[in-house]
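> pasting the sequence and the predicted coordinates here, then a few questions.
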Number of protein chains: 2
Amino acid sequence: MAEFRKDLLTDRWVLIAEHRAARPDEFRDKAVRRIVAPCPFCAGHEDQTPSAVATYGENAWPDGGEPWQVRVVPNKYPAVQSDGHVTGITAGAQSARGRHEVIIESPRHVVTLSELTDVQVELTFLAYQDRLRCCRDETDLAYALVFKNARAEGGASLEHAHSQLIATPMVPCEVAQELAGAERFQQSCGECPFCAMLHGEIASGQRLVAATEHFVAVCPFASRFPYEVWVLPRVHGDRFEEDPHSAELARLVRDIVRRIESLLPGTAYNYWIHTAPLKRTSQSVFHWHVEVITRMSRMAGFELGAGYFINPVAPEQAANRLRSV
Amino acid sequence: MAEFRKDLLTDRWVLIAEHRAARPDEFRDKAVRRIVAPCPFCAGHEDQTPSAVATYGENAWPDGGEPWQVRVVPNKYPAVQSDGHVTGITAGAQSARGRHEVIIESPRHVVTLSELTDVQVELTFLAYQDRLRCCRDETDLAYALVFKNARAEGGASLEHAHSQLIATPMVPCEVAQELAGAERFQQSCGECPFCAMLHGEIASGQRLVAATEHFVAVCPFASRFPYEVWVLPRVHGDRFEEDPHSAELARLVRDIVRRIESLLPGTAYNYWIHTAPLKRTSQSVFHWHVEVITRMSRMAGFELGAGYFINPVAPEQAANRLRSV
């Protein structure tokens, strides 16, 4: 049975999930790409996945078009399970209770966010908000991460464009660190660090990639990955799922992916949404945002053994190139 | 110019190193493996690398054999530079002062530690100790990480078996976290957590892989990666470079790699040595060790966005299989 285990020295959580090795992998043999046929995410093959927990855009084209535009299903090989029970963490382990869903972003076999129609990309981000709000009702869950793995090097095991949501009983350490850092900054400087960063980046312009009415896209000063881009709302807010401008955000993130793919055709990428934990505990100083990264460079012994990242593309250079396309 | 940049929220260090993109990569095109010819690490092509800072086993076979067995050269595309100057960290950035060396493990074109002769593997670990001791004399350096990237998925850009040493002006966060955790454990439990772990693992045996007179190899309880193995000295000590049994360790690490490769032929792997920081600041409770990981599974959006690891092979299962080969 899957379980979370905690490293007692570093407080790092590991999810031991043996059943995950059984899932299909279209990319395993890299020389000859094997397509899982029929693709379980394509319209018409709905019986290949668990039953949908939500669908969006049904009959958007009733003239013989697709039965849905975006479809959310439980992951067939879940990293965490809704029927897992939470046990004590005394021994540094607990069973892997949680929720693991797949957001299928198109009824057709497209492979990247940049290929989605306006309707599909907007409904995809609406689905993110919807599913995040659903997780709030479950008392055992502390956090839900929405993320996307695109292409083999990005960690996708199926090619068809999709994102995922994994909800866990703990707040993940990446988010916990950002929360603690934001609180420290707020206490010492009297303002939200993300707001401060936004104002600084807009003023200087050297790491700015794009801006819309409600959002700004920048290459962060300490970018870990080549062409890393963060998208932040201009107005301070701690919860993505409460933002009324998700359609505008969806088109901006698609635009960022298109710019990246125009510079690096076919590149693997990931993005994830950092929003506040599901349960508000105190006055939150968090400022939600989307982090987009490319997977041009491999993490190796120095990165993993030391915890440093090596980025061969300076963010000022990356922003300049992304602006120009 | 390369520089270290610090993320102000998470204290994460990033090394912006644009010149690194210029280095050769035998693995870039995965379908057709391109060999950099002549291989700059093979004996006879010493003029293709910067001059050696150390060589070991010269004339081991004076009867027309190789001119050296192990050779250490400065990295031609260093991530950090010895002539970099340390500037203030006020703005969260400093120039990338440091040392970056390559340990070439054989004069012949072999690709993994398991192919090294006894002499080569022993001299390789002797070279690690030697180069670590050299870094202590430089006042600006705080830490030196010895690590190995084997095969393309492990982050190697050249195939010929080699390891690397990168020394930096800061203690890397992975090591700092282990140090802080060890100190916490010592204060609350009155003993070294690594010693406690060793005794527990030897007693239970379920995650034990191999043991020699002075060392024990175990799959750690919260293994992040499939077939992750840690090798620890039985006797408490904070510095690998002062351990008199490096030859025994070298053969044990080679044995571990052979066991892993026997289960997973041709797998990419990394290892690194966690030893104490270069300068002793207080009573250290650290217990040096080697961490070996495989790269079967890819890090994806959930791992990078949340900071969790997902491991599809339980360490008890991994240890059992590694013991059996």
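Looks like it arrived, so ask away. Numbers count the residues shown, from 1 in each chain, chains lettered A, B, ... in the order given.
> give me the number of residues near residue A:185?
19 (other C-beta atoms under 10 Å in any protein chain shown). (Each C-beta comes from the backbone N, C-alpha and C, glycine too.)
> report the residue ranges of every domain in chain A.
Segmentation of chain A into domains, based on automatic domain parsing, reads A:3-171, A:174-324.
> which SS class is the residue lying closest to residue A:53 once chain neighbours are set aside?
Of all residues not flanking residue A:53 in the chain, residue A:72 sits nearest, at 5.3 Å (C-beta to C-beta, 6 or more residues apart in numbering or on different chains). Classification of residue A:72 by DSSP: H, G, I helix; E, B strand; the rest coil places it in strand.
> ok so, going back, mind putting the domains of chain A into TSV with mean pLDDT?
Below are these laid out as TSV (pLDDT from 0 to 100):
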stretch	mean pLDDT
domain A:3-171	85
domain A:174-324	94
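> and the stretch 101-250 of chain A, which residues reach chain B?
Within the stretch 101-250 of chain A, the positions lying close to chain B (C-beta under 8 Å from any C-beta of the partner chain) are A:143, A:145, A:147-149, A:152-156, A:164, A:166, A:168, A:172-175, A:177-178, A:181-182, A:185, A:193, A:220-224.
> same thing but 6 Å
Listed as neighbours of chain B in the stretch 101-250 of chain A under the rule C-beta under 6 Å from any C-beta of the partner chain: A:145, A:147-149, A:155, A:166, A:172-174, A:177-178, A:181, A:222, A:224.
> in the stretch 101-250 of chain A, mark out all the strands, start to finish.
Applying DSSP state E, counting those that start in this stretch to the stretch 101-250 of chain A gives strands spanning A:143-150, A:162-168, A:208-211, A:215-218, A:229-233.
> before we move on, back to that, separate out the buried members of the residues of the stretch 101-250 of chain A next to chain B.
Buried residues within these, defined by neighbour count using 16 or more other C-beta atoms under 10 Å in any protein chain shown: A:145, A:147-149, A:155, A:166, A:172-174, A:177-178, A:181, A:222, A:224.
> stretch A:291-299: end-to-end distance?
With C-alpha to C-alpha, to the nearest Å as the measure, stretch A:291-299 spans 18 Å from end to end.
> no no, stretch A:260-271
Rule used - C-alpha to C-alpha; the end-to-end distance of stretch A:260-271 is 12 Å.
> follow-up on the earlier one: tell me the one among the buried ones among the residues of the stretch 101-250 of chain A next to chain B nearest to residue A:139.
Nearest to residue A:139 among those is residue A:166, at 17.6 Å by C-beta to C-beta.
> and the closest residue to residue A:266 other than its chain neighbours, how far is that from chain B?
Leaving aside its sequence neighbours, residue A:266 sits nearest to residue A:151 (C-beta to C-beta, 6+ apart; 7.2 Å). Going from residue A:151 to chain B by C-beta to the nearest C-beta, to the nearest Å gives 11 Å.
> same deal with residue A:73?
Distance of residue A:73 to chain B, given as C-beta to the nearest C-beta: 17 Å.
> got it, and residue A:292?
According to C-beta to the nearest C-beta, residue A:292 and chain B sit 10 Å apart.
> can you check residue A:20 too?
Per C-beta to the nearest C-beta, residue A:20 is found 4 Å from chain B.
> also residue A:204?
13 Å.
> please apply the same query to residue A:303.
Using C-beta to the nearest C-beta, one gets 8 Å for the distance from residue A:303 to chain B.
> excluding chain neighbours, what is closest to that residue?
Leaving aside its sequence neighbours, residue A:303 sits nearest to residue A:309 (C-beta to C-beta, 6+ apart; 5.8 Å).
> isn't that neighbour right next to residue B:14, touching?
Yes. Counting by C-beta atoms under 6 Å, residue A:309 does reach residue B:14; the two are 4.7 Å apart.
> of those two, who's got more company?
Comparing residue A:309 with residue B:14 by other C-beta under 10 Å, the one with more neighbours is residue B:14, at 24 against 21.
> give the contact list for that one.
A:222, A:224, A:309, A:311, B:5 (C-beta atoms under 6 Å, 6 or more residues apart in numbering or on different chains).
> what is in contact with residue A:309 and residue B:14 at once?
Common contacts of residue A:309 and residue B:14 (C-beta under 6 Å, 6+ apart): residue A:224.
> can you count the residues close to the residue nearest to residue A:45 when sequence neighbours are not counted?
Among residues not flanking residue A:45 along the chain, residue A:38 sits closest, at 4.8 Å (C-beta to C-beta, 6+ apart). When neighbours are defined as other C-beta under 10 Å, residue A:38 has 11 of them.
> so how far is residue A:104 from residue A:38?
In this view, residue A:38 and residue A:104 are 14 Å apart by C-beta to C-beta, to the nearest Å.
> redo the strands of the stretch 101-250 of chain A as JSON lines? Include distance to residue B:77.
Output for the strands of the stretch 101-250 of chain A, formatted as JSON lines (distance: least, C-beta to C-beta, whole Å):
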{"stretch": "strand A:143-150", "distance to residue B:77": "29"}
{"stretch": "strand A:162-168", "distance to residue B:77": "36"}
{"stretch": "strand A:208-211", "distance to residue B:77": "28"}
{"stretch": "strand A:215-218", "distance to residue B:77": "28"}
{"stretch": "strand A:229-233", "distance to residue B:77": "26"}
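> state the distance from the residue in the stretch 201-325 of chain A positioned nearest to chain B to residue A:223.
Closest residue of the stretch 201-325 of chain A to chain B, C-beta to the nearest C-beta: residue A:300 (2.4 Å). Here the criterion is C-beta to C-beta. By it, residue A:300 lies 18 Å from residue A:223.
> neighbour count: the two, which is higher?
residue A:223 (26 against 23).
> what is the neighbour count of the closest residue to the more buried one other than its chain neighbours?
Leaving aside its sequence neighbours, residue A:223 sits nearest to residue A:315 (C-beta to C-beta, 6+ apart; 4.2 Å). Residue A:315 has 27 neighbouring residues, counting by other C-beta under 10 Å.
> before we move on, back to that, distance check, the residue nearest to residue A:303 against residue A:224.
4 Å.
> can you give me the helices in chain A?
Assigned by DSSP state H, the helices in chain A fall at A:118-135, A:173-189, A:193-204, A:246-263, A:301-306, A:315-324.
> what sits up against the third one?
Looking back up the chat, that one is helix A:193-204. So helix A:193-204 is contacted by A:182, A:185, A:207, A:208, A:216, A:218, A:232, A:236, A:287 (C-beta under 6 Å, 6+ apart).
> neighbours of residue A:204, just the number please.
Other residues near residue A:204 come to 11 when the count uses other C-beta under 10 Å.
> and it, how far from residue A:319?
Taking C-beta to C-beta as the measure, residue A:204 falls 10 Å from residue A:319.
> about what we covered before: highest neighbour count among the contacts of helix A:193-204?
Most surrounded of the contacts of helix A:193-204: other C-beta under 10 Å gives residue A:218, at 27 neighbours.
> contacting residues for that residue?
Residue A:218 sits next to A:201, A:207, A:208, A:230 when contact means C-beta under 6 Å, 6+ apart.
> nearest to residue B:95 among those residues?
Distance ranking of the contacts of residue A:218 against residue B:95, using C-beta to C-beta, places residue A:207 first at 19.3 Å.
> pretty sure the closest one contacts residue A:317?
No. In this structure, residue A:207 is not within contact of residue A:317 by C-beta under 6 Å, at 9.8 Å.
> related to what we said a few turns ago, what about the residue nearest to residue A:266, neighbour count?
Residues near residue A:151, counting by other C-beta under 10 Å: 17.
> wait, isn't it in contact with residue A:270?
No. Residue A:151 lies out of contact with residue A:270 (C-beta under 6 Å); the separation is 9.6 Å.
> okay, and the common contacts of these two?
Counting by C-beta under 6 Å, 6+ apart, residue A:151 and residue A:270 have no shared contacts at all.
> name the nearest residue to whichever residue of the stretch 51-200 of chain A sits closest to chain B, ignoring sequence neighbours.
Going by C-beta to the nearest C-beta, chain B is nearest to residue A:155 of the stretch 51-200 of chain A, at 2.4 Å. Spatially, and ignoring its direct neighbours in sequence, residue A:155 is nearest to residue B:300 (2.4 Å; C-beta to C-beta, 6+ apart).
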